[in-house]
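1. Test case, fold it:
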Amino acid sequence: MTAHHVVALSSAESVAQRYESYEEIFDPPSREELAWREGKSLRRQGTHRQALEGDGSPALGAGVEGLEGGFRPTYRPSRFEEGWLLESLRAFYEEGLLRDVLALIKGGKEAHVYRCAAQPTTGLDLVAAKVYRPRMFRNLRNDALYRQGRQILTEDGTPVRKTDDRVLRAVGKKTAFGQQVSHTSWLMHEFVTLRRLHQAGAAVPQPLGASENAILMSYLGDERMAAPTLNTVTLSHAEAKRLFREVLRNVELMLKQGIVHGDLSAYNILYWQGEILIIDFPQVVDCLGNDQARDILRRDLARTCEYFASQGVECDAEALTGDLWGQYVGSMLREQLADLSMREYERGTEAIEEA
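-> Model (predicted):
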């Protein structure tokens with residue numbers, strides 16, 4: 001396996017157990033959650049709650065020790081963050097993709113993004129590592145809207161076979177194993193989408209690899225500052241018009257691939273020295289498989305138009321939705337219907353011949 005291939009995951013069951021312990025420390029539950037768990041435990045076992053010593057668990061760094069002494073990042077994570085971060089980036093270090101973690105550049109509810117020093121073999125100086133937070137494993141956000149019509153992806157980016165009843169049942173029942181499968185699929189949809197769009201010429205980060213809980217990709221910015229999101233930038237009228245056309249070019253590229261971003265806005269567009277990159281694709285929507293896809297496209301365009309209108313660009317999200325949907329998705333639907341009609345005609349012809 002080369003450095004530019006997806007890194008295979010370990011056993012999902014063991015990963016699930018490890019992630020649960022990390023989640024408890026790095027992203028501890030609220031008082032309400034603790035109270036609910038305590039009540040549930042008392043009802044189930046009829047026992048008294050045992051007092052926690054200290055903060056309830058050891059520091060995450062224990063037992064990781066710079067990944068056997070080799071991976072010692074310049075960035076000094078917090079006690080709660082360290083083990084999760086090192087475990088998540090271990091595969092990239094071992095595959096020769098990165099050599100150091102330099103700084104935390106973005107913290108979010110779902111993931112943290114770090115500026116990293118790349119290995120020279122990648123041809124890059126700096127790369128970005130998106131590391132999903134532990135709570136994402138056990139409690140993904142309300143994502144049923146986005147998952148509709150999407151295939152469940154395995155750790156290598158291929159769809160789970162429809163005959164794999166064990167996996168499908170686990171996902172449906174939301175067991176620990178099933179939640180890990182869902183987590184992997186959520187992450188891999190982002191990685192696979194980035195790869196497809198980058199190869200198609202879209203303005204997206206170049207994906208370099210995926211591990212159990214992280215995606216490594218190209219970095220926009222310099223050694224002191226990461227590219228800001230577009231919502232923090234004021235553009236000249238001419239530049240705003242040019243970049244709006246570039247955003248629409250990318251929306252069209254996505255539609256040609258049969259997908260909608262699902263969360264597009266100026267908050268998910270990076271800006272650097274007159275250029276943009278569109279980021280954050282885990283919630284990507286299938287145009288033909290999701291009956292809400294057109295409404296999601298309309299919402300993406302409305303949010304994007306809201307920013308560009310503030311920069312003096314005239315844009316009509318409703319009109320754009322109708323034009324783009326009709327041009328790209330409408331043609332796909334017509335082709336799909338034509339194929340279906342042809343198959344029905346062929347079956348009818350065969351039946352007549354047999355008679």
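2. only C-alpha atoms for contact and neighbour calcs from this point on.
-> Will do.
3. For stretch 241-254, what is the distance to the chain centroid?
-> Centroid separation for stretch 241-254 versus its chain: 21 Å, with C-alpha atoms, centre = their mean, to the nearest Å.
4. Give me the contacts around it.
-> The contact list for stretch 241-254, computed with C-alpha atoms under 8 Å, 6 or more residues apart in numbering, reads L197, A200, A202, A203, V260, H261, E275, I276, F308, V313, L324, Y328.
5. cool, and stretch 145-160?
-> 6-9, 167, 181-182, 184-186, 188-189, 192, 212, 262, 283-286, 288-290, 292.
6. List the buried residues for that stretch?
-> Buried residues in stretch 145-160, counted by 16 or more other C-alpha atoms under 10 Å: Y146, R147, R150, Q151, I152, L153, T154, E155, D156, G157, V160.
7. and these, which two are the farthest apart?
-> Y146 and D156 (20.6 Å; C-alpha to C-alpha).
8. Ranking helices and strands of this structure by mean pLDDT, which lands last?
-> In the chain, the helix or strand scored least confidently by mean pLDDT, DSSP states H and E is helix 31-45, which has a mean of 41.
9. quick one: pLDDT of K130?
-> In this model, K130 is scored at 96, pLDDT.
10. Could you do E306 as well?
-> 98.
11. Residue nearest the middle of the protein, spatially speaking?
-> The residue lying closest to the centre of the chain (C-alpha atoms, centre = their mean) is P282, at 2.9 Å.
12. quick one: that one and G274, what's the gap?
-> To G274, P282 is 26 Å away according to C-alpha to C-alpha, to the nearest Å.
13. next structured bit after the longest strand seen in the chain?
-> If you go by DSSP state E, the chain has its longest strand at strand 98-107. Proceeding N to C from strand 98-107, the next assigned helix or strand is strand 111-118, under DSSP states H and E.
14. Would you mark the buried spots in that following strand?
-> A111, H112, V113, Y114, R115, C116, A117, A118.
15. tell me which of these is nearest to F80?
-> H112 (13.5 Å).
16. so that closest one makes contact with K130?
-> Yes: with contact defined as C-alpha atoms under 8 Å, H112 reaches K130; the gap is 5.8 Å.
17. coming back round to it: and for the longest strand of the chain, what's in contact with it?
-> 71-75, 92-93, 112-119, 127, 226.
18. Domain boundaries for the protein, per the record?
-> 12-26+56-218, 230-339 (automatic domain parsing).
19. least reliable of those domains going by mean pLDDT?
-> domain 12-26+56-218 (a mean of 79).
20. What are the buried residues along stretch 248-260?
-> N250, V251, E252, L253, M254, L255, K256, Q257, G258, I259, V260.
21. I figured the last one hits V285, correct?
-> What it means is V260. Yes: the pair formed by V260 and V285 meets the contact definition of C-alpha under 8 Å, at 5.0 Å.
22. Could you tell me which residues touch both of those two?
-> In contact with both V260 and V285: A293, using C-alpha under 8 Å, 6+ apart.
23. Would you map the helices across the stretch 101-250 of the chain?
-> Per DSSP state H, counting those that start in this stretch, the stretch 101-250 of the chain carries helices over the ranges 135-138, 144-147, 165-173, 176-199, 237-256.
24. CA-only coordinates of the last one in PDB, if you can.
-> The C-alpha coordinates for helix 237-256 follow below in PDB (Å, rounded to 0.1, in the frame of the first residue of the first chain):
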ATOM      1  CA  HIS A 237     -16.800  44.200  -6.300                       C
ATOM      2  CA  ALA A 238     -14.800  42.800  -9.200                       C
ATOM      3  CA  GLU A 239     -13.200  40.100  -7.000                       C
ATOM      4  CA  ALA A 240     -16.500  39.200  -5.500                       C
ATOM      5  CA  LYS A 241     -18.100  38.600  -9.000                       C
ATOM      6  CA  ARG A 242     -15.100  36.500 -10.000                       C
ATOM      7  CA  LEU A 243     -15.200  34.300  -7.000                       C
ATOM      8  CA  PHE A 244     -18.900  33.900  -7.200                       C
ATOM      9  CA  ARG A 245     -18.500  32.500 -10.700                       C
ATOM     10  CA  GLU A 246     -15.800  30.200  -9.300                       C
ATOM     11  CA  VAL A 247     -18.200  28.900  -6.600                       C
ATOM     12  CA  LEU A 248     -20.900  28.300  -9.200                       C
ATOM     13  CA  ARG A 249     -18.300  26.400 -11.400                       C
ATOM     14  CA  ASN A 250     -17.700  24.100  -8.400                       C
ATOM     15  CA  VAL A 251     -21.400  23.700  -7.700                       C
ATOM     16  CA  GLU A 252     -21.800  22.600 -11.300                       C
ATOM     17  CA  LEU A 253     -18.900  20.200 -11.000                       C
ATOM     18  CA  MET A 254     -20.500  18.600  -8.000                       C
ATOM     19  CA  LEU A 255     -23.900  18.300  -9.800                       C
ATOM     20  CA  LYS A 256     -22.100  16.600 -12.800                       C
END
